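>>> Build me a model from this:
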Amino acid sequence: MTEQRARRRWWPTISTLVVSALVVATLAILFVIPGPFIHTEAVAKSGVVTARIDGREVAVTVYLDNGANPFWRMLKRDGSGGMRITAVDLETGEPVWDEEIHDPYRRERQLIGATDQYVFLRTTFHVYVFSLADGSVVATEDDIEGLDGATRSQGRIVHREGSDTLLFTDGDSDGFFVLDMNTLKVSEPDADTVATWQCVLDRMRTPYDTPTHVATASSPGLRSATDDAGYLARAVYVAPVTGRCGQMTADDEVIGEDDIFPTGQTAYETLGEGTTNHRLQRDDDTVTVVDTEDGAEIDTSSPVLEVVSGAASPEGRFAFIRQRDLSDIAPAVRGQSSSVLYTVGQDGTIHEVILGRHGWFGRPW
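Below you'll find the predicted structure:
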């Protein structure tokens with residue numbers, strides 16, 4: 001009788017432990033343990049820029065991380081793993097930092113440009129300024145006096161390649177301003193800049209071409225294409241003819257778009273042209289680094305799909321983003337493809353960085 005009472009006394013405890021263990025195991029399978037629910041899908045459509053951190057060149061890109069698994073994504077405010085910004089060493093392919101962008105809106109984003117201090121990102125409603133040192137948010141348009149007008153409905157932002165300034169218009173007052181990308185100070189442009197760019201940034205006159213997925217930002221040199229020779233090239237926005245906006249007629253009509261952009265608004269520049277003896281040759285399903293002098297193949301990428309964006313550094317290193325079929329290493333990838341960042345060092349070696357890859361506790365690997 002005493003033995004039966006002892007068993008009855010212990011039974012609730014054992015049952016509780018068993019149920020608790022089952023609950024913990026279920027939660028671990030759904031949220032923690034890498035397995036069939038883990039996703040590796042990332043979408044990187046915001047472009048890529050190159051800059052320098054402590055003497056080494058890096059590539060910076062932004063991607064939508066679709067989360068470790070469907071259940072983990074349910075806990076996120078925007079229903080996904082979140083937007084992230086990452087910097088990768090161009091020479092080695094090693095990640096330098098990877099940070100989440102705490103923006104609740106799942107809107108289109110486009111990198112505008114970078115200096116050796118800051119990286120600038122344009123979204124539908126905001127401008128973000130990130131520290132190049134660690135990826136932290138330094139400021140938004142609300143923190144920079146005069147910049148908030150750039151995010152209004154008719155506001156425009158343009159980064160002239162090679163410069164450390166952003167040109168932008170105030171959507172409400174039609175004002176035209178300059179942001180110093182190093183000091184984060186806003187000022188008025190000089191007369192020559194106004195005469196060259198005022199009508200270009202005014203979308204009611206002759207709008208500067210923009211990426212189709214960003215209605216209010218123009219970002220030179222972030223999209224890649226392929227030229228007739230089969231080498232990867234990037235789209236570069238051509239500067240307007242100097243002073244042509246200042247020649248507009250008295251009734252405020254445009255002289256003509258062909259007068260402002262006589263050679264067209266976009267040109268294509270082969271990655272590596274004029275900066276290195278390497279070029280990137282596109283084959284049917286791979287990218288091959290070739291020597292420009294003798295055509296010798298140096299390295300070849302894994303099988304890839306279409307180009308998303310690309311850039312070349314001043315010292316001749318490359319960064320490009322392509323979609324890759326990851327089903328061989330991540331069976332749970334939705335749609336069977338994900339954005340992958342490739343870097344090419346000065347010796348022509350290709351390094352592959354899989355974005356949005358997850359492991360324990362749903363954290364990026």
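
>>> Three-state assignment for residue 200, please.
helix (DSSP: H, G, I helix; E, B strand; the rest coil).

>>> from memory it sits against residue 243, does it?
No: taking CB atoms under 8 Å as the definition, residue 200 is not a contact partner of residue 243, at 12.0 Å. C-beta: built from backbone N, CA, C; applies to glycine.

>>> out of these two, which sits in the more crowded spot?
residue 200 (25 against 13; other CB atoms under 10 Å).

>>> What's the per-residue pLDDT of the more buried one here?
Looking at residue 200, its pLDDT is 80.

>>> go on, the one 4 residues further on?
The confidence metric pLDDT takes the value 43 at residue 204.

>>> One more: the one 4 residues further on?
According to the prediction, residue 208 has pLDDT 50.

>>> what's the answer for the one 5 residues further on, then?
pLDDT recorded at residue 213 is 27.

>>> Next: residue 124.
At residue 124, pLDDT is 75.

>>> now residue 76
Residue 76 is given a pLDDT of 54.

>>> in the sheet, who's paired with residue 49?
Under DSSP bridges, the beta-bridge partners of residue 49 are residue 60.

>>> thinking it is in contact with residue 113, fair?
Yes: the criterion here is CB under 8 Å, and residue 49 meets it with residue 113 at 6.2 Å.

>>> For residue 59, the count of nearby residues, please.
Neighbours of residue 59 using other CB under 10 Å come to 27.

>>> surely it meets residue 49?
Yes: using CB under 8 Å, residue 59 is in contact with residue 49, at 7.4 Å.

>>> helix, strand or coil for residue 258?
Taking three-state DSSP, the label given to residue 258 is helix.

>>> so what pLDDT did it get?
80.

>>> With residue 289 instead?
Predicted confidence (pLDDT) for residue 289: 90.

>>> Is it in a helix, a strand, or coil?
From three-state DSSP, the assignment for residue 289 is strand.

>>> how much space between it and residue 299?
5 Å (CB to CB, to the nearest Å).

>>> list residues touching both of residue 59 and residue 49?
Shared contacts of residue 59 and residue 49 (CB atoms under 8 Å, 6 or more residues apart in numbering): residue 311.

>>> Tell me what residue 297 is bridged to.
With DSSP bridges as the rule, residue 297 is bridged to residue 290.

>>> Kindly report the same for the one 10 residues further on.
Legend: beta-bridge partners of residue 307 under DSSP bridges are residue 322.

>>> That one touches residue 319, doesn't it?
No: judged on CB under 8 Å, residue 307 makes no contact with residue 319 at a distance of 11.8 Å.

>>> how is the protein carved up into domains?
Residue ranges for the domains of the chain, per automatic domain parsing: 1-31, 32-362.

>>> Let me know which of those is tucked in deepest.
Highest mean neighbour count among these (mean count of other CB atoms under 10 Å): domain 32-362, with a mean of 18.

>>> what about the strands in the stretch 101-250 of the chain?
Assignment of strands within the stretch 101-250 of the chain using DSSP state E, counting those that start in this stretch yields the ranges 109-114, 118-123, 127-131, 137-140, 156-159, 165-169, 176-180, 186-187, 217-218, 224-226, 232-237.

>>> Would you mind giving those as TSV with distance to residue 15 added?
Formatted as TSV, the strands of the stretch 101-250 of the chain follow (distance: least, CB to CB, whole Å):
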stretch	distance to residue 15
strand 109-114	51
strand 118-123	52
strand 127-131	52
strand 137-140	49
strand 156-159	63
strand 165-169	65
strand 176-180	65
strand 186-187	67
strand 217-218	60
strand 224-226	61
strand 232-237	63
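
>>> In contact with the closest residue to residue 198 other than its chain neighbours, which residues?
Spatially, and ignoring its direct neighbours in sequence, residue 198 is nearest to residue 245 (4.7 Å; CB to CB, 6 or more residues apart in numbering). Residue 245 sits next to 194-200, 260 when contact means CB under 8 Å, 6+ apart.

>>> if you set the cut-off to 10 Å instead, what comes out?
With contact taken as CB atoms under 10 Å, 6 or more residues apart in numbering, residue 245 is in contact with 193-202, 205-206, 254-255, 260.
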